[in-house]
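**Student:** make a model of this:
(2 chains)
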Amino acid sequence: MIAVELFKLVRRLRTWLSVALICALPLLVAIFIAVTHLAPPPGQGSAFLSAVLDNGQLYPAAALALVLPVFLPVAVAVVAGDSVAGEASAGTLRYLLARPVGRTRLLVAKLISVITFVLLAVIAVTVTSYATGVLILGPSRAAAVGTAPGGLSGSIAPGGGGAPTAGLQTGGAVTSLSGAPLTTIELGERVLGAVAFITVSMLGVAAIALFLSTITNSALGAALGSLAVLVASEVLVTLNAATAVQPYLPTRYWLAWIDFFRQPIFWRDIQRGFAIQAVYVVVFLAAAWANFATRDITT
Amino acid sequence: MITTRNVTKRFGRVEAVRSVSLDVREGDRYGLLGPNGSGKSTLVRMLLGLVYATSGEISVLGQRIPRYVGRVLPEIGALIEEPAAYPHLSGRANLRLLDAAGPHGARRTRQRRVDEALERVGLAGIDRRPVRTYSLGMRQRLGLASALVRRPRLLILDEPTNGLDPRGIRDMRELLISLNESGVTIFLSSHLLPEVSALCTRIGVLDSGRLVLEDSLETLQEPTGRVVVSTDDPERAVAALDSLVESRDGGDLVVRSGDPAALNARLVEAGVRVSSLVTQRRSLEEIVLDVTGTGSDQFGVATLAPSLADTPAPAPAPTTNQEIS
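**Tutor:** The predicted structure follows:
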């Protein structure tokens, strides 16, 4: 069944179209920046963007920051929201269940298919943006942009309101946000860490969408419902009056992966982010299972 | 093969199926009849474990449903309302995919089983065109093929002739009869009386969620003890038959007689030219309308057919796709 779901995923045009679109945005941005040489000044714009002109190797991090707020969650919500509801409204769900495919097994296969999609999207962005960064923006250039080493350390506003920028350095290696230099290998490790963190964050989105997908027969409804949750969470994250609930909001630690690019890595928010996403994943998957296993299939 | 005991299903405050006790035996071609909204589909879905009964017991192939539905379903082929397929894949790819999804679909034999099923339903020549481009009839055939891929012992078909043209309907009927003769029990639901009449050996009639009739078609359609005589000389026939004539409509007479041959001899003896002489049987339509009330998708209609059964018409089986409701 898992193989069947993966087959359906790769045979679907939507999968590749959405991955291509997610990858296209960073490419577009890179072209603009390369042509104009106008990166946002440090502290403004999307994270890491101010630094990429000076070091194209940093572009994967900038690209992830670009697609994380909207593109990635929208794609994940659409795919996960469609997973059960789409089959229900197309009528194929009843034939799968009558084959028989156990309901739990079906849900697990759907989940694995969604995880595969998330990984595919995140890795595709990372790889294409690395290529973009190196080819279009060029490998690291010795540059002395007026950023004092260490000056950015800890400057990220809680909730991700302010965008961090990478500090810069001389001589080829990338500098961490804290100003200390990173070797290429260290950078690779940290990009991997960021990829893992973003993947898990997206799994939180996927779990919510999958749950909604088991209650409604409308794929669109499930996708929009989960996006509504995210938008609401984003609003509350920036609202001072909601401070009490902020640590539990799904998007509260979404930008914590930026802490992978500090020296040393600032683990506190990363750990909290992993933990809160794990809770969302477990709770919503359990709810999805409980609902789907006992539900009448009437479509 | 299928037995249910007092199965009831409530959706909120609506009772879709009320205390139905069904009995489908091995080798049956069983037709479940009923107006739209009478609970046929809900009942079919309960048999397949898609919808859970509110109360009552269901057993299919000797196993309790829904608990052991996983053991039973591999031996069942099902068509559940409309067929459904992944539109961007070819028919063949759809069958392979569905077969691979569940247990007991040996990969080794898959290709052969898929080809065989496609051939049986008359789709042997389909190419790699996606299902999106199929006609309704082709989709229906594909749906039936997907029910046959596992070489089932029991076929559960909900409205199998939907969307088929007359040739398709005849092909479907011949296929189902030949499958039945090779040992497959067939349970189908329909509101097309002529189809059921031509295909089934036993029928059950659902009305507003209740099973109001279940019997073999042969028993239900036993001769009524009357013979319908058509003649161009009704006066002489009436005179010859005396008090046996029950009613008369132009040249058609309804005559009380259990022995059509003797009746014919008597008419010939009296010099009456007989153009047709038919033993009267109740049509399936009469039988069904007799036991069902207003179709549940109708409102404010006092009674649908003012006691058709009382009208002693010759009523041959209707040849058009006439619906009950």
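**Student:** report how many residues lie close to B:L43.
**Tutor:** The number of residues packed near B:L43 is 28, by other Cβ atoms under 10 Å in any protein chain shown. Using the backbone N, CA and C atoms, a C-beta is placed for each residue, glycine as well.
**Student:** who are the contact partners of it?
**Tutor:** The neighbours of B:L43, taking Cβ atoms under 8 Å, 6 or more residues apart in numbering or on different chains as the test, are B:T4, B:V7, B:K9, B:V17, B:V20, B:L22, B:L32, B:S189, B:L206.
**Student:** at 10 Å instead, please
**Tutor:** Contact analysis of B:L43 by Cβ atoms under 10 Å, 6 or more residues apart in numbering or on different chains lists B:2, B:4, B:7, B:9, B:16-17, B:20, B:22, B:32, B:34, B:51, B:53, B:58, B:158, B:189, B:204, B:206, B:209, B:211.
**Student:** which of these are close to chain A?
**Tutor:** Restricting those to those adjacent to chain A (criterion: Cβ under 10 Å from any Cβ of the partner chain) gives B:K9, B:A16, B:V51, B:A53.
**Student:** okay, and the third one sits in which element?
**Tutor:** Going back to what we said before, that points to B:V51. Under DSSP states H and E, no helix or strand contains B:V51.
**Student:** confidence score at it?
**Tutor:** Note on B:V51: pLDDT of 94.
**Student:** check the first one too.
**Tutor:** pLDDT recorded at B:K9 is 94.
**Student:** nearest residue to it in space, please, no chain neighbours.
**Tutor:** Sequence neighbours aside, B:V17 is the residue nearest to B:K9 in space, at 4.3 Å (criterion: Cβ to Cβ, 6 or more residues apart in numbering or on different chains).
**Student:** next helix or strand past the strand or helix carrying the one you found?
**Tutor:** B:V17 belongs to strand B:14-20 when assigned by DSSP H and E. Going down the chain from strand B:14-20, the next helix or strand is strand B:23-24, by DSSP H and E.
**Student:** may I see the buried residues of the strand holding B:V17?
**Tutor:** For strand B:14-20, the buried set under the neighbour-count rule, 16 or more other Cβ atoms under 10 Å in any protein chain shown, comprises B:E15, B:A16, B:V17, B:R18, B:V20.
**Student:** quickly list the domain ranges of chain B.
**Tutor:** According to automatic domain parsing, chain B comprises the domains B:2-219, B:223-281.
**Student:** highest mean neighbour count out of these?
**Tutor:** When the domains of chain B are scored by mean count of other Cβ atoms under 10 Å in any protein chain shown, the highest mean neighbour count falls to domain B:2-219 (a mean of 19).
**Student:** count the neighbours of A:Q57 for me.
**Tutor:** A:Q57: 22 surrounding residues under other Cβ under 10 Å.
**Student:** wait, isn't it in contact with A:T126?
**Tutor:** No - judged on Cβ atoms under 10 Å, A:Q57 makes no contact with A:T126 at a distance of 11.8 Å.
**Student:** which residues are in contact with each of these two?
**Tutor:** Common neighbours of A:Q57 and A:T126, counting by Cβ under 10 Å, 6+ apart, are A:V191.
**Student:** and the residue of the stretch 101-250 of chain B found nearest chain A, what does it touch?
**Tutor:** Closest to chain A within the stretch 101-250 of chain B is B:G102: 3.3 Å, counting by Cβ to the nearest Cβ. Counting by Cβ under 10 Å, 6+ apart, B:G102 touches A:1, A:4, A:95-102, A:105, B:70, B:73-74, B:150.
**Student:** in helices, which of those residues fall?
**Tutor:** Those of these mapping onto helices are A:V4, A:Y95, A:L96, A:L97, A:R105, B:G70, per DSSP state H.
**Student:** show me where the stretch 151-299 of chain A has its helices.
**Tutor:** Secondary structure of the stretch 151-299 of chain A (DSSP state H, counting those that start in this stretch): helices located at A:184-215, A:219-237, A:267-293.
**Student:** ok, the stretch 201-325 of chain B next?
**Tutor:** Ranges of helices in the stretch 201-325 of chain B, per DSSP H, counting those that start in this stretch, are B:217-220, B:234-241, B:260-269, B:284-291.
**Student:** dump these to TSV, plus distance to chain A and mean pLDDT.
**Tutor:** What follows is the helices of the stretch 201-325 of chain B, written out as TSV (distance: least, Cβ to the nearest Cβ, whole Å; pLDDT from 0 to 100):
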stretch	distance to chain A	mean pLDDT
helix B:217-220	28	86
helix B:234-241	56	83
helix B:260-269	48	87
helix B:284-291	26	84
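**Student:** about what we covered before: which of the helices of the stretch 151-299 of chain A is buried the deepest?
**Tutor:** helix A:184-215 (a mean of 22).
**Student:** ok, which of the domains of chain B comes nearest A:G225?
**Tutor:** The minimum distance between A:G225 and these falls on domain B:2-219, with 22.4 Å, by Cβ to Cβ.
**Student:** what's the first-to-last distance across that closest one?
**Tutor:** Taking Cα to Cα, to the nearest Å, domain B:2-219 runs 21 Å from one end to the other.
**Student:** again with stretch B:93-112
**Tutor:** When the termini of stretch B:93-112 are compared using Cα to Cα, they are 13 Å apart.
**Student:** quick one, strands of chain A?
**Tutor:** Per DSSP state E, chain A carries strands over the ranges A:174-175, A:181-182.
**Student:** do the stretch 1-150 of chain B as well
**Tutor:** For the stretch 1-150 of chain B, the strands defined by DSSP state E, counting those that start in this stretch cover B:2-11, B:14-20, B:23-24, B:29-33, B:55-60, B:63-65, B:76-79.
**Student:** just put these in TSV and tack on distance to A:A232.
**Tutor:** As requested, these are exported to TSV (distance: least, Cβ to Cβ, whole Å):
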stretch	distance to A:A232
strand B:2-11	32
strand B:14-20	35
strand B:23-24	52
strand B:29-33	48
strand B:55-60	41
strand B:63-65	42
strand B:76-79	42
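**Student:** for the ones you listed, which one sits closest to B:A145?
**Tutor:** Smallest distance to B:A145 across the strands of the stretch 1-150 of chain B (Cβ to Cβ): 9.5 Å, for strand B:76-79.
**Student:** low-confidence regions, the stretch 201-325 of chain B specifically.
**Tutor:** For the stretch 201-325 of chain B, applying pLDDT under 70 flags the ranges B:293-325.
**Student:** how about 80 then?
**Tutor:** Across the stretch 201-325 of chain B, the ranges flagged by pLDDT under 80 are B:242, B:292-325.
**Student:** for the stretch 101-250 of chain A, give the residue positioned nearest to chain B.
**Tutor:** For the stretch 101-250 of chain A, Cβ to the nearest Cβ, closest residue to chain B: A:V101, 5.2 Å.
**Student:** pretty sure that residue is touching A:F292, no?
**Tutor:** No - here A:V101 lies out of contact with A:F292, judged by Cβ under 10 Å, at a distance of 11.9 Å.
**Student:** now the common contact residues for the two.
**Tutor:** When Cβ under 10 Å, 6+ apart defines a contact, the residues bordering A:V101 and A:F292 alike are A:L107.
**Student:** may I have stretch A:190-210 exported as CSV, CA atoms only?
**Tutor:** Output in CSV follows, covering the C-alpha atoms of stretch A:190-210 (Å, rounded to 0.1, in the frame of the first residue of the first chain):
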residue,chain,number,x,y,z
ARG,A,190,23.8,23.2,9.6
VAL,A,191,21.9,23.3,6.4
LEU,A,192,21.0,19.6,7.0
GLY,A,193,19.9,20.5,10.5
ALA,A,194,17.7,23.3,9.1
VAL,A,195,16.3,21.0,6.5
ALA,A,196,15.4,18.5,9.3
PHE,A,197,13.8,21.2,11.4
ILE,A,198,11.8,22.7,8.6
THR,A,199,10.6,19.2,7.5
VAL,A,200,9.4,18.5,11.0
SER,A,201,7.7,21.9,11.1
MET,A,202,5.9,21.0,7.9
LEU,A,203,4.9,17.7,9.4
GLY,A,204,3.0,19.6,12.0
VAL,A,205,1.1,21.3,9.1
ALA,A,206,0.6,18.0,7.4
ALA,A,207,-0.8,16.4,10.5
ILE,A,208,-3.4,19.1,10.9
ALA,A,209,-4.3,18.9,7.2
LEU,A,210,-4.5,15.2,7.3
